[in-house]
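S.K.: would you be able to build a 3D model of this:
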Amino acid sequence: QVQLVESGGGLVQAGGSLRLSCAASGRISWYAVGWFRQAPGQEREFVAAISWTTRAYYADSVKVRFSISRDNARNTVYLQMNSLKPEDTAVYYCAADIKARSDYTMIGEYDYWGQGTQVTVSS
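M.R.: Below you'll find the model as predicted:
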């Protein structure tokens, strides 16, 4: 069982930056970790993921602005978000997937989820 805790959310003006952290209760070296977000009234959507081999995956809407990385020594995955837009406002969740896949964008494939952290981007 892996517990995930997100942090780093907050209120930021458009064009600003935030770095989200996803801290795991145990070793996640062999897990893929993904970030998803859910805005009010909308479905949860894929944002970014990083495999255990450090291959990164991004949604088209964030590809140039966001960067995902991992520090296995700290059991933590980061999401650096730059050039934030009001449409990035959402609750951001991290999730972990133990299985090796060619695609880590599918919400239903993840095994463990955090509680989320709110990101609000003002215009």
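
S.K.: tell me which element the residue nearest to the spatial centre of the chain is part of?
M.R.: Centroid check for the chain by C-alpha atoms, centre = their mean gives Trp35 as the closest residue, at 2.2 Å. For Trp35, the element it lies in under DSSP states H and E is strand 32-38.

S.K.: go through the very next helix or strand once past that strand and flag the buried ones.
M.R.: As assigned by DSSP H and E, the chain's next helix or strand after strand 32-38 is strand 45-50. Neighbour counts over strand 45-50 (16 or more other C-beta atoms under 10 Å) mark 46-50 as buried. For glycine as for every other residue, the C-beta is placed from the backbone atoms N, C-alpha and C.

S.K.: same question for stretch 17-32.
M.R.: Buried, per 16+ other C-beta under 10 Å, within stretch 17-32: 18, 20-24, 28, 31-32.

S.K.: distance to Asp103 for the buried residues of strand 45-50 - can I get that in TSV?
M.R.: Formatted as TSV, those follow (distance: C-beta to C-beta, whole Å):
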residue	distance to Asp103
Phe46	10
Val47	15
Ala48	13
Ala49	9
Ile50	13
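
S.K.: which residues of this structure fall in strands?
M.R.: Applying DSSP state E to the chain gives strands spanning 4-7, 10-13, 18-24, 32-38, 45-50, 56-58, 66-71, 76-81, 90-97, 112-113, 117-122.
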